[in-house]
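Chemist: Quick one, structure for this:
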Amino acid sequence: MRSGSRPLKISGVPTLTATNLTKRYREVVAVDGLTFALEPGSIIGFLGPNGAGKTTTLRLLLGLAEPTSGTALVFGRPYRMLEDPCRRVGAVLESGDFDPGRSGRNHLRALALAAKVGFDRVEELLALVELSDAAARPVRTYSLGMRRRLGLAGALLGDPDLLVLDEPANGLDPAGVHWLRGFLQRFAGTGRTVLLSSHVLAEVAQTVDSVLILSRGRLIAERRIDELPDPARALEALYLELTA
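Modeler: You can find the predicted model right below:
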């Protein structure tokens, strides 16, 4: 696997930095003064109840929305100023962004053409996410879990340094969840960074290095998983206590 064989590239420069990041929609404050930094070689869980501002924050980080105030920097600059961004950042924010009549292979080939990536990378990723046997089928025949795998393959086309994933385990069976956990840990082990949003706290506790917990648009806690005595139970208790 190419991403697993890549040399370590951990540095002291944060992969992603938010400083007083704020987003207002008229009277609604969706994101309220968020400040945090993500270090290379780590997996960070982005947690919070529905409406906490997680998806809005991810959109701000990826240049899909403009902040009302504050800054979001990826590798030290705004996302839109990155050179060749698909080779720096891979993201999956929606599970339904597919042409239902197009095959999984052709979906990835269209993305590869836009990113100037060779088709050999498409075949490599279809094998990685275990979709080679279904690659010729229309995406409309795919299960939710298969669409999640296809979305991940698309995010990995440029062999990026940062992955941003919204509910990546949604729809995966237990074997798929186990595979995803191992893949993300190997990915981060090469010095790259993962930011993932999820409601599945038990799985988050087994996968991530640290968590950011949001409530009503504000960052209310930042914890390392190895500081929790019983990660799965302690994370759930902490989350429920802080977001109640």
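
Chemist: Residue 152: what secondary structure?
Modeler: Here residue 152 is helix, with the state taken from DSSP: H, G, I helix; E, B strand; the rest coil.

Chemist: got a pLDDT number for it?
Modeler: Residue 152 is assigned 95 on the pLDDT scale.

Chemist: residue contacts, it?
Modeler: By Cβ atoms under 8 Å, 6 or more residues apart in numbering, the contact list for residue 152 reads 92, 129, 165, 168, 180. C-beta here means a position set from N, CA and C on the backbone, and glycine is covered the same way.

Chemist: And residue 141, how close does it get to residue 134?
Modeler: 8 Å (Cβ to Cβ, to the nearest Å).

Chemist: The two: who's more crowded?
Modeler: residue 134 (19 against 11; other Cβ atoms under 10 Å).

Chemist: hey, which helix is longest across this protein?
Modeler: helix 174-189 (DSSP state H).

Chemist: Mean confidence (pLDDT) on that helix, please.
Modeler: Helix 174-189 comes out at a mean pLDDT of 93.

Chemist: Which strands or helices does it pack on?
Modeler: helix 2-5, strand 43-47, helix 144-155, strand 193-197, helix 201-207 (3 or more Cβ pairs under 8 Å, 6 or more residues apart in numbering; DSSP states H and E).

Chemist: can you list the ones you listed in JSON lines and add distance to residue 114?
Modeler: Formatted as JSON lines, those follow (distance: least, Cβ to Cβ, whole Å):
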{"stretch": "helix 2-5", "distance to residue 114": "20"}
{"stretch": "strand 43-47", "distance to residue 114": "27"}
{"stretch": "helix 144-155", "distance to residue 114": "10"}
{"stretch": "strand 193-197", "distance to residue 114": "23"}
{"stretch": "helix 201-207", "distance to residue 114": "30"}
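
Chemist: By mean pLDDT, show me the worst of the ones you listed.
Modeler: Comparing mean pLDDT over the helices and strands packed on helix 174-189, the weakest stretch is helix 2-5, at a mean of 40.

Chemist: And the next helix or strand past that one?
Modeler: Counting by DSSP states H and E, the next helix or strand C-terminal to helix 2-5 is strand 16-25.
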